[in-house]
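1. predicted model and sequence follow; I will ask about them next.
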Amino acid sequence: MYKQDAVTIRDTDCEEMLQCASMEELARKVWGTGLSQATTETAITQYLDSQVFNSGADYFGPAGYRTALARVISRVFQKAAAEFGFPHAPQTPVQASRIDTGLSGALIEALEDNEFIVPPYEAGNRMTQAFMTQRVFPLISFWRWKIITGKPLSKDRIISSPRNYFYTLWLSGWLFDTGADQNGARWELLHQMSADSLVQIIERSGIGFRKGFAQAIAMERRERGKNSSATALDKLVRGCMKRATFTFSTAVMPEDENYYRDICQYLFDWAEKNYLPQQDEETE
């Protein structure tokens, strides 16, 4: 992460990312090499040893730490390239819609395999969030929120905020992870979520780190999906989160599976009867 007093360095990193017009420019400015070489293990290791990466940085462990971090970065690059066309835009809308859920699971597994323990309070740390998007994953963040969207890079995707891209990837994986012992089914709940539904749960609901609540929402969404379109499901989740914000205090929710299931059934029933018809009328 950034050192607590490295505010000027952090802000400079942010402005440089925002001013870059292309992936090539960003790679040369940050990695010190062309884009075609930036994703190689050699280039990643050299970058992590450079003054550019280490200036204003505060982390635990010397060379061993950087070697492990290089493996994490390489794994995420490989996932993005193999399944989503990185560093180019995906070829289909379906590919684009699966980027966040795909990279989320890959990030969590890469961190685990290289013995990085990221507790919720650390993922929510403003210095950690900004460091991960601006120093560790600047190319991935730039690609996801400028190349793929075709829009200017939004500042709140790379600074500390509920929309910080590292934070949203990490939190998506953490909330919907059903456990490494589940093998192939580990990311089943995460992968059936759409990008829009994830936004409602992670960025706008105040759900915090209530993993049981998030997974109950995902399971109820999956159940309703048997008789609803993808668009209707996203609207239902949006309605659920709006209702939950004004009805329940997540701070006092008990960690009880049956409690979460019952609340989610109520929220989806309410959204189906009250929120969904209202949205349908507005689109007519």
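-> Looks like it arrived, so ask away. Numbers count the residues shown, from 1 in each chain.
2. residue 273 and residue 235, how far apart?
-> 13 Å (CB to CB, to the nearest Å). Placement of C-beta: from N, CA and C, glycine included.
3. look at these two and report which has more neighbours.
-> residue 235 (23 against 10; other CB atoms under 10 Å).
4. find the nearest non-adjacent residue to the residue nearest the centre of the chain, please.
-> Geometric centre of the chain, nearest residue: residue 169, 1.7 Å, by CA atoms, centre = their mean. Leaving aside its chain neighbours, residue 169 sits nearest to residue 104 (4.7 Å; criterion: CB to CB, 6 or more residues apart in numbering).
5. list the contacts for the one you found?
-> 169-170, 172-173, 190 (CB atoms under 8 Å, 6 or more residues apart in numbering).
6. returning to what we had before: give me phi/psi at the residue nearest to the centre of the chain?
-> The phi/psi pair for residue 169 (degrees, to the nearest 10) reads phi -70, psi -50.
7. quick check, it in contact with residue 107.
-> Yes. Contact criterion CB atoms under 8 Å: residue 169 and residue 107 qualify, at 5.2 Å.
8. any idea how far stretch 190-199 is from the chain center?
-> 11 Å (CA atoms, centre = their mean, to the nearest Å).
9. what are the contacting residues of that stretch?
-> Contacts for stretch 190-199 (CB under 8 Å, 6+ apart): 97-98, 100-102, 104-105, 168, 172-173, 176-177, 201, 218, 221-222, 225, 230, 233-234, 237-238.
10. looking at these, which are in helices?
-> Judged by DSSP state H, helices contain the following of the contacts of stretch 190-199: 97, 100-102, 104-105, 168, 172-173, 176, 201, 218, 221-222, 230, 233-234, 237-238.
11. just the buried residues of the residues you listed.
-> 100-102, 104-105, 168, 172-173, 176, 201, 218, 221, 233-234, 237-238 (16 or more other CB atoms under 10 Å).
12. residues contacting the residue nearest to the centre of the chain?
-> 100, 103-104, 107.
13. ok, now residue 143?
-> 23, 80, 86-87.
14. how much space between it and residue 224?
-> Applying CB to CB to residue 143 and residue 224 gives a distance of 33 Å.
15. with residue 257 instead?
-> According to CB to CB, residue 257 and residue 224 sit 18 Å apart.
16. so which of the two has more stuff around it?
-> residue 224 (19 against 11).
17. I'd guessed that one sits against residue 230; true?
-> No. Taking contacts as CB under 8 Å, residue 224 lies outside contact range of residue 230: 11.1 Å.
18. what sits in contact with each of those two?
-> By CB under 8 Å, 6+ apart, no residue touches both residue 224 and residue 230.
19. how is this structure carved up into domains?
-> 1-183, 192-284 (automatic domain parsing).
20. need the contacts of residue 169 in a markdown table with pLDDT and distance to residue 212, can you?
-> Listed next are the contacts of residue 169 as a markdown table, based on pLDDT from 0 to 100; distance: CB to CB, whole Å:
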| residue | pLDDT | distance to residue 212 |
| --- | --- | --- |
| 100 | 95 | 22 |
| 103 | 97 | 24 |
| 104 | 96 | 18 |
| 107 | 97 | 22 |
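21. which one of these sits closest to residue 210?
-> Among these, residue 104 lies closest to residue 210 (CB to CB), at 17.5 Å.
22. how close does that closest one sit to residue 32?
-> To residue 32, residue 104 is 29 Å away according to CB to CB.
23. and for residue 76?
-> Distance from residue 76 to residue 32, by CB to CB: 20 Å.
24. of these two, who's got more company?
-> Per other CB under 10 Å, whichever of residue 76 and residue 32 has more neighbours is residue 76, with 23 against 16.
25. which helix or which strand is home to the more buried one?
-> helix 63-84 (DSSP states H and E).
26. can you redo the contacts of residue 104 as a markdown table with pLDDT?
-> Output for the contacts of residue 104, formatted as a markdown table (pLDDT from 0 to 100):
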| residue | pLDDT |
| --- | --- |
| 169 | 96 |
| 170 | 95 |
| 172 | 95 |
| 173 | 95 |
| 190 | 95 |
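27. residues contacting residue 131?
-> Per CB under 8 Å, 6+ apart, neighbours of residue 131: 1-2, 10, 57.
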